[in-house]
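Peer 1: Return a 3D structure for these sequence lines:
(one chain, ligands or ions: 1)
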Amino acid sequence: MFIWLVIWILSIVIATRVAANRGNSEGWAFFWAVLFGPLGVVIALVLPRNERKLEDEALSSGEYKKCPHCAEIIKSEALVCRYCGRELTMPDVTQPHTGSVFKSDEVALEQKASKHISFRD
Ligand SMILES: [Zn+2]
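Peer 2: Numbering: from 1, shown residues only. Below you'll find the predicted structure:
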């Protein structure tokens, strides 16, 4: 009796995890697993992946971006698309803002220093 309780609870946990990983409703997976136990896991595995939701989640995580040439999902750091092989220009928005501020400060200091030297001459 106790072993079935463990199997049922494990089935519910696994079914909801599988559903989440495949972009499907965790609520429905929970429902099926409560009703059918291990069969709920099978249902979660058999249901087709929700590619649209997985795509949206990947894009919103910031870890992935859409290739502007072929519209496939690729890693944010990618410089070449793995699907169409075309080069991607890196937008500056991925760079931390403070980095550019420090760089411009450095340039300003260098300019001040060179001006100071030229005044002295
Ligand atoms: Zn591409």
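Peer 1: Spatially nearest residue to Glu57 (excluding sequence neighbours)?
Peer 2: Nearest residue to Glu57, sequence neighbours excluded (Cβ to Cβ, 6 or more residues apart in numbering): Gly23, at 7.1 Å. Using the backbone N, CA and C atoms, a C-beta is placed for each residue, glycine as well.
Peer 1: Count the neighbours of that neighbour for me.
Peer 2: 18 (other Cβ atoms under 10 Å).
Peer 1: Give the residue spans of this protein that score low on pLDDT.
Peer 2: 90-121 (pLDDT under 70).
Peer 1: The ion contacts on that one?
Peer 2: By Cβ under 5 Å from the ion, the residues of the chain that approach the ion are 67, 69-70, 81, 83-84.
Peer 1: let's see 8 Å
Peer 2: 67-72, 74, 81-86, 88 (Cβ under 8 Å from the ion).
Peer 1: can I get the residues you listed in a markdown table with secondary structure, neighbour count and distance to Thr16?
Peer 2: Shown next, in a markdown table, are those (DSSP: H, G, I helix; E, B strand; the rest coil; neighbours: other Cβ atoms under 10 Å; distance: Cβ to Cβ, whole Å):
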| residue | secondary structure | neighbour count | distance to Thr16 |
| --- | --- | --- | --- |
| Cys67 | coil | 17 | 32 |
| Pro68 | coil | 11 | 36 |
| His69 | coil | 13 | 37 |
| Cys70 | coil | 13 | 34 |
| Ala71 | coil | 10 | 31 |
| Glu72 | coil | 13 | 29 |
| Ile74 | strand | 18 | 29 |
| Cys81 | coil | 17 | 34 |
| Arg82 | coil | 11 | 31 |
| Tyr83 | coil | 12 | 31 |
| Cys84 | coil | 14 | 36 |
| Gly85 | coil | 9 | 38 |
| Arg86 | coil | 11 | 39 |
| Leu88 | coil | 15 | 36 |
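Peer 1: What about Leu79, how many residues nearby?
Peer 2: 9.
Peer 1: how about Asn50, what does it touch?
Peer 2: Contact analysis of Asn50 by Cβ atoms under 8 Å, 6 or more residues apart in numbering lists 22-24.
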